[in-house]
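A.B. asks: With the sequence up front, the predicted model follows.
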Amino acid sequence: MATTALSSAFSFKARTPSFSNRRRTTPQVLPLPSVADLAAAASSMPDPNLDGTTVAIVGGGSLAALAAALSLSDPQKRRQEQAVAVGGDDKAVVRDYFNNSGFQRWKKIYGDTDEVNRVQLDIRLGHSKTVENVMKMLLDEGPLRGVSVLDAGCGTGCLSIPLAKEGALVYASDISAAMVAEAEKQAAEALEGMEGVQMPRFDVNDLEGVRGKYDTVVCLDVLIHYPQEKADEMIAHLASLAENRLLLSFAPKTLYYDLLKRIGELFPGPSKATRAYLHAEADVERALQRVGWKIQKRGLITTQFYFSRLVEA
């Protein structure tokens, strides 16, 4: 399969048959965010608690000091404390977050309001790029009219709505009742008066609770909330629902991105950073292979504060 360029920031390449055929590229050196940017990121999270010690460590430029500070960060402990507080596991934490403080925060990020900070605006841009590239991937393979598509983890309907506009039969679910209600509202407004378009069918459900068979299954930016073992189970279930295509996005586990995540964990409090799980692409690929699926296309969407690997199997 030939390489298909989707945008200046995103490209797909065919599955490389052997290592010798891979083209060598010069590694890209990416600048670390400034202290001001990290503070802004922390302010976009629930109950941030930025102290002077943290700023001094990040701003000082000392790798030794940074490493020492990272070693003191204990995100796993904070995740466990969050789970106990809401009476459940990671899934309960996610449900509670996106039904409460997280709903208002991410409704703003996914929306078009100007009441967002620089970091939130950057994340909005990254997520919209992911949606745009998913739509291009699907449409490049043919019209979507009459094609059944599951949008698993639909949020406020950022993908469900453009899918419906193309004539797809959209089934959308999310673990958050608040998100689903907002998605229904936005879809009704966006699709009103459009001929030949069916409203998406929305449902409150977690990934493993969804049933049925769909031509295409899409799950964007959901696996970041779950550890690899749980993600493997979710991938297997989603694969069992797909008859033709399965598209997944996840935060890739690389040295650079892991460092950014760990820096984010220096900002204490029950924040999004403390519940973010990065996944190695090889682990996701193995999870797909175990259930008989093979990655056909892959790409990377990056902004300064948003990074997502997108694969189609």
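C.D. replies: Looks like it came in fine. Numbering: from 1, shown residues only.
A.B. asks: Could you report the separation of Ala164 from Ala190?
C.D. replies: Distance of Ala164 to Ala190, given as Cβ to Cβ, to the nearest Å: 8 Å. C-betas here are computed from N, CA, C, even on glycine.
A.B. asks: What of Pro162?
C.D. replies: Using Cβ to Cβ, one gets 9 Å for the distance from Pro162 to Ala190.
A.B. asks: Which one's more surrounded, these two?
C.D. replies: For Pro162 and Ala190, the more surrounded residue by other Cβ atoms under 10 Å is Pro162, and the numbers stand at 19 against 15.
A.B. asks: isn't that one right up against Met135?
C.D. replies: Yes. Counting by Cβ atoms under 8 Å, Pro162 touches Met135, with 5.6 Å between them.
A.B. asks: Need the pLDDT of Gly212.
C.D. replies: pLDDT for Gly212: 98.
A.B. asks: That one - that's part of a strand, no?
C.D. replies: No. Gly212: not assigned to a strand; according to DSSP: H, G, I helix; E, B strand; the rest coil it is coil.
A.B. asks: List the residues that contact it.
C.D. replies: 150, 171, 241 (Cβ atoms under 8 Å, 6 or more residues apart in numbering).
A.B. asks: what's the answer for Leu247, then?
C.D. replies: Counted by Cβ under 8 Å, 6+ apart, Leu247 has contacts 134, 137-138, 216-220, 310-313.
A.B. asks: who wins for neighbours among these?
C.D. replies: Val218 leads the contacts of Leu247 on contacts (other Cβ under 10 Å) with 29 neighbours.
A.B. asks: does it sit in a helix, a strand or a coil?
C.D. replies: On the basis of three-state DSSP, Val218 is classed as strand.
A.B. asks: Not including adjacent chain positions, what is the nearest residue to it?
C.D. replies: Nearest residue to Val218 in three dimensions, chain neighbours excluded: Leu247, at 4.5 Å (Cβ to Cβ, 6 or more residues apart in numbering).
A.B. asks: Helix, strand, or coil at that neighbour?
C.D. replies: Three-state assignment for Leu247 (three-state DSSP): strand.
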